[in-house]
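**Student:** Sequence first, predicted coordinates after that:
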Amino acid sequence: MRNYGRAFKKAFPYTIPVLTGYLFIGIAFGVMFEEKGYSFLWAALMSLMVYAGSGQYLAVNFFVPGVSFLQVVFMTLMVNIRHIFYGISLLEKFHGMGKKRWYMIFGLTDETYSLLCTTKIPEDIEEDKFLLAVSLLNQSYWVIGSVIGGLAGNFLPFDSEGIDFAMTALFVVIFVEQWMEAKNRIPEMIGVAAALLCLSIFGADNFVLPSMLLITFLLFVGRTRLEKEVEG
């Protein structure tokens with residue numbers, strides 16, 4: 001347990017940007033969920049058991065009459081299908097984590113994925129404990145934010161119009177941070193170009209899946225060159 005304590009202590013500074021973002025967007029989710037008439041306890045339970053970020057924002061609209069089960073399944077799949085690509089890229093890293101790998105797969109949000117891929121593991125900390133600490137800390141921020149938002153929405157009047165933009169703002173901040181720190185910005189440029197191209201072709205409602213497929217294809221084809229750029 002002492003080793004885990006050191007791992008959490010070392011991991012915490014790296015998760016501070018996620019802390020600030022997740023508290024605010026978690027609060028926004030809690031407020032929106034409470035406005036649908038649900039207790040903050042349900043918001044906390046969803047953040048514990050579902051923990052899907054943008055998927056939870058989308059799910060708020062599922063709790064209304066007229067939404068079929070098939071619609072829920074399809075929309076959730078479309079919004080979160082990018083996580084399939086995240087998981088594939090981390091198979092080797094999670095392979096040696098034993099039973100902990102199941103939680104690591106469950107807790108693989110966009111922000112956690114970003115940290116797991118870019119953070120250098122401290123030399124005096126075991127990798128599996130450090131990665132687990134990052135994932136658990138990030139989810140705890142989301143759950144705490146959801147509870148605060150649910151409670152605040154219950155006791156204070158809120159107009160939640162536009163509040164879901166907090167998620168987009170967090171994505172932009174993380175992208176800018178990676179852009180500033182990266183030595184090789186070709187992957188980011190590929191991502192932006194592919195997303196813009198698919199947005200112009202497929203429209204705002206249907207571009208996510210084509211974008212992910214195109215980005216994955218381009219990165220796979222150019223993998224050797226990109227690795228040489230990084231090493232150089």
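**Tutor:** On my side now, so go ahead.
**Student:** so where's the chain shaky on pLDDT?
**Tutor:** Applying pLDDT under 70 to the chain flags the ranges 1-2, 63-67, 71, 75, 78-79, 156-171, 173-174, 177-178, 181-182, 226-232.
**Student:** ok, residue 15 touching residue 141?
**Tutor:** Yes: between residue 15 and residue 141 there is a contact at 7.5 Å, judged by Cβ atoms under 8 Å. All C-beta spots, glycine's among them, are computed from the backbone N, C-alpha and C.
**Student:** Now do the same contact list for residue 192.
**Tutor:** With Cβ atoms under 8 Å, 6 or more residues apart in numbering as the criterion, no residue contacts residue 192.
**Student:** what's the answer for the one 10 residues further on, then?
**Tutor:** Residue 202 is in contact with residue 210, counting by Cβ under 8 Å, 6+ apart.
**Student:** What separation is there between it and residue 103?
**Tutor:** 34 Å (Cβ to Cβ, to the nearest Å).
**Student:** just residue 87 next, same as before
**Tutor:** Distance from residue 87 to residue 103, by Cβ to Cβ: 13 Å.
**Student:** swap in residue 147?
**Tutor:** For residue 147 relative to residue 103 (Cβ to Cβ), the value is 21 Å.
**Student:** So for the two, which sits in the more crowded spot?
**Tutor:** When residue 147 and residue 103 are compared for neighbours, residue 147 comes out ahead with 18 against 15, by other Cβ atoms under 10 Å.
**Student:** That one against residue 45, yeah?
**Tutor:** No: between residue 147 and residue 45 there is no contact under Cβ under 8 Å: 10.3 Å.
**Student:** OK, contacts around residue 122?
**Tutor:** Contacts of residue 122 (Cβ under 8 Å, 6+ apart): 10, 130.
**Student:** Okay, it and residue 47: tell me how far apart.
**Tutor:** Taking Cβ to Cβ, one finds residue 122 at 28 Å from residue 47.
**Student:** Could you do residue 28 as well?
**Tutor:** From residue 28 to residue 47 the distance is 12 Å (Cβ to Cβ).
**Student:** Among these two, which residue is more densely surrounded?
**Tutor:** Taking other Cβ under 10 Å, residue 28 and residue 47 do not tie; residue 47 has more neighbours (28 against 23).
**Student:** Tell me which residues touch that one, please.
**Tutor:** Counted by Cβ under 8 Å, 6+ apart, residue 47 has contacts 26, 29, 56, 139, 142-143, 146.
**Student:** Which of the helices or strands spans residue 33?
**Tutor:** helix 2-35 (DSSP states H and E).
**Student:** helices and strands around that helix, which ones?
**Tutor:** Judged by 3 or more Cβ pairs under 8 Å, 6 or more residues apart in numbering; DSSP states H and E, helix 2-35 is in contact with helix 40-49, helix 54-59, helix 110-118, helix 127-155, helix 165-181.
**Student:** Apply 7 Å and report the result again.
**Tutor:** In terms of contacts (3 or more Cβ pairs under 7 Å, 6 or more residues apart in numbering; DSSP states H and E), helix 2-35 is packed against helix 40-49, helix 110-118, helix 127-155, helix 165-181.
**Student:** For it, which residues meet the burial criterion?
**Tutor:** 6-8, 10-11, 14-15, 17-19, 21-35 (16 or more other Cβ atoms under 10 Å).
**Student:** Fine by me, thanks again.
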